[in-house]
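> Quick one, structure for this:
(one chain, ligands or ions: 2)
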Amino acid sequence: MIDRYRVKPNQAINLAEWDADARGDFTRKAAGEAAVAKLNQELEHLQELLYAENRHKVLIVLQAMDTGGKDGVIRHVFDGVNPQGVKVASFKAPTPKELSHDYLWRIHQQTPATGEIVIFNRSHYEDVLVVRVHGLAPEEVWRRRYDQINAFERMLAEEGTTILKFYLHITKDEQKARLQSRLDDPEKRWKFSLGDLAERKRWPEYMHAYEDALSKTSTDWAPWYVVPANRKWYRNWVISTVIVDTLKAFDMRYPQPETLPDNLVIE
Ligand code: ATP
Ligand code: MG
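Ligands and ions are numbered 1, 2, ... in the order given. Got it, this is the predicted structure:
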């Protein structure tokens, strides 16, 4: 079921053919929301266990066009988790210092330690997306990066990191509606940026860059999921399901408590 959203290695991707409005088997939104709430309880428990067991490292990559819902996923899917074991790393336009290093330098510093879940809000994929669309590096430079990224992620995986990557797929019409509601709602207006309109003009180039990235960098060790994201509750359901299924498969245990005397009395 969820597997239909997983990109197979080198699978040709035409995003126009991927239904951003999908709602899976849910006929009612309320049923979807209830399922998300239940998954959230499971995730809370599994994350606590991951932290206690201190054995696994989990990296979650979120990529999307502006208004795609990365912030909403972070707020809803991870609602209630223990902040000690979950970190968010947001990658904006690189600083001069970051630019003076290779593009993976700032990324590697934020990857998870044991017991941690790290969520990348944007990521090294910007270096084959915005960089490609805006020509911030010559083609021969960004072309090499797909293989470099696969090798980097493979190293992380071989060293014990579980990697899940989600592209939140919205339509251009949905983006229009979301940008408009940011303009209209005084409490959302702070999120509106004129720069988003400039990026919106390049929608087809971005789709093309995403299609290439998804196809070339979905691997057995770091798969991409194309998440239907026009409906926020379904988007949350898909992502929660993938994460909960992955953590369950770890078959985690609380650490063995130290052996205690039978007649222990706390005074
Ligand atoms: P977001 O747009 O992710 O919701 P935000 O609006 O708070 O977050 P922005 O200041 O818009 O943050 O920063 C994100 C911008 O940084 C995006 O336009 C993105 O393309 C750009 N960016 C991220 N990484 C890079 C990179 N490696 N090179 C160039 N630009 C980058
Ligand atoms: Mg922005």
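> Check which helix or strand P257 maps to.
Using DSSP states H and E, P257 maps to neither a helix nor a strand.
> Now do it: how many residues are near it, please.
6 (other C-beta atoms under 10 Å). Where C-beta positions appear, they are placed from N, C-alpha and C, glycine not excepted.
> Could you pull up phi and psi at it?
The phi/psi pair for P257 (degrees, to the nearest 10) reads phi -70, psi 160.
> Kindly state the pLDDT recorded for L46?
Note on L46: pLDDT of 98.
> Find the nearest non-adjacent residue to it, please.
Once flanking residues are discounted, L46 sits nearest to L247: 4.1 Å by C-beta to C-beta, 6 or more residues apart in numbering.
> Give me the neighbour count for the residue in the stretch 151-267 of the chain that ligand 1 sits nearest to.
As assessed by C-beta to the nearest ligand atom, ligand 1 sits closest to S193 within the stretch 151-267 of the chain, at 6.0 Å. Neighbour count of S193, defined by other C-beta under 10 Å: 12.
> which ones are touching it?
Contact partners of S193, counting by C-beta atoms under 8 Å, 6 or more residues apart in numbering, are D66.
> Just list whatever residues bridge to the spatially most central residue of the chain.
With distances taken as C-alpha atoms, centre = their mean, the chain has L62 as the residue nearest its mean C-alpha position (2.6 Å). Bridge pairing for L62 (DSSP bridges) gives the partners N121, F166.
> can you start the count at 38 instead of 1 from here on
Got it, the first residue is 38 from now on, which makes the last one we talked about L99.
> gap between the two ends of stretch 257-271?
25 Å (C-alpha to C-alpha, to the nearest Å).
> In space, what's closest to A250 - neighbours in sequence excluded?
Nearest non-adjacent residue to A250, counting by C-beta to C-beta, 6+ apart: V165, 5.2 Å away.
> Around ligand 1, pick out the residues from the protein.
Where the chain comes near ligand 1, counting by C-beta under 6 Å from any ligand atom, the residues are 103, 107, 128-131, 159, 163-164, 167-168, 173, 230.
> What subset of these is buried?
D103, K107, F128, P131, R159, E163, D164, V167, V168 (16 or more other C-beta atoms under 10 Å).
> hang on, the fourth one is in a strand, isn't it?
No: when the secondary structure is assigned by DSSP: H, G, I helix; E, B strand; the rest coil, P131 falls in coil instead of a strand.
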